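**Q** Below are the sequence and a predicted model; questions follow.
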Amino acid sequence: MHIDEERLPERSWLDKFRDAFRGAKLGARGQSSFFFHFFAAAAVIAAGTVMQVGFIEWCLLLLCITAVLTAEMFNSALESLARSITDQHDPDLGAALDISSAAVLVASTGSAAIGGIIFLNRLGQMLGWW
């Protein structure tokens, strides 16, 4: 069989976006850590608004929020995939899940550090410390 014969039919952009939004809903649903990060993102946006952060700071904060939520989505996808493969303990699947959790930790820690730098600097400016 040729590759052309196995080709799936082209999907419309509307179908692709519909699938992506369904995936976002599935990734967020029932994931307590996703909801924690989502509400942390809302707190960062509120703090940025109150502290009137600048354009570049907004870009950095939004990039950090996106990185953490994306890492959380990939972690959820791997968890779902692992559950579909087996319900038995598998050390390789366990390692993959631990690595994906570590990716969320790295993204969260780096984002918290960047947020801390931005907000402490902004607070220092507001209070006249520098």
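**A** Sure thing, it's come through.

**Q** give the contact list for the residue nearest to F74 when sequence neighbours are not counted.
**A** Distances taken as CB to CB, 6 or more residues apart in numbering put S100 closest to F74, at 6.2 Å, once the chain neighbours are dropped. Where C-beta positions appear, they are placed from N, C-alpha and C, glycine not excepted. Residues near S100 by CB atoms under 8 Å, 6 or more residues apart in numbering: 71, 74-75, 78-79.

**Q** any idea how far the helix or strand in which S100 is found is from the chain center?
**A** Per DSSP states H and E: S100 is located in helix 91-126. On the basis of CA atoms, centre = their mean, to the nearest Å, helix 91-126 sits 10 Å off its chain's mean C-alpha point.

**Q** Over to stretch 11-23?
**A** The answer for stretch 11-23 is 19 Å, by CA atoms, centre = their mean.

**Q** And the contacts of it?
**A** With CB under 8 Å, 6+ apart, stretch 11-23 has contacts from M73.
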